[in-house]
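*Asks:* Quick one, fold the following:
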Amino acid sequence: MKKHSETKRSRRFVSLKRVLFYGILSCLVLAVIMFVTVCFSIRSAVKQMSAEATKEYPGDRVKALIAYVSSESHSLKKRNRAAWALGQIGDKSALAVLESFYTDGDCDHEKHLCQHELKKAIDLCKGGLNLTAWLRR
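*Replies:* A predicted model of the protein is given here:
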């Protein structure tokens with residue numbers, strides 16, 4: 001009788017291990033799918049902002065985005081998107097312009113570029129961890 005009970009318990013343990021393994025595997029696969037989806041979404045947004053900037057300022061996309069951020073003829077919202085795109089691209093040539101707008105003060109989205117977004121873009125251009133950069137190289 002003891003042997004039968006141990007075998008039953010052993011089968012339950014193996015079954016539990018299998019469920020746990022497949023559960024963890026499913027979570028990992030889902031996390032990878034979500035990560036890749038977010039990466040492609042960011043890539044698409046950067047390409048869209050780059051296309052908008054290069055339409056107005058033909059040539060290199062980084063130079064076009066820099067000109068876009070610097071131009072006061074665009075809304076602050078659009079200029080913030082261009083600053084964000086520069087951060088996502090991570091090109092060090094954008095640092096001077098991004099830093100020129102960064103005051104380390106509070107954000108005033110009605111009058112100035114978003115200081116929080118500028119700080120993130122500056123950090124990325126200085127070589128900060130950019131998990132989606134592999135899509136844009």
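*Asks:* Contacts for stretch 97-113, please.
*Replies:* With CB atoms under 8 Å, 6 or more residues apart in numbering as the test, stretch 97-113 has contacts from 66, 69-70, 76, 79-80, 83, 86-87, 114-116, 118-119, 121-122, 125. In this view, the C-beta of every residue, glycine as well, is placed from N, C-alpha and C.
*Asks:* go with 10 Å
*Replies:* If you take CB atoms under 10 Å, 6 or more residues apart in numbering as the criterion, stretch 97-113 is touched by 65-67, 69-70, 76-77, 79-80, 82-83, 86-87, 114-126.
*Asks:* Out of those, name the ones that lie in helices.
*Replies:* Filtering the contacts of stretch 97-113 for membership in helices, criterion DSSP state H, returns 65-67, 69-70, 76-77, 79-80, 82-83, 86-87, 115-125.
*Asks:* could you flag which of these are buried?
*Replies:* With burial judged by 16 or more other CB atoms under 10 Å, the buried subset of the ones in helices among the contacts of stretch 97-113 is 65-67, 69, 79-80, 82-83, 86-87, 115, 117-118, 120-122, 124-125.
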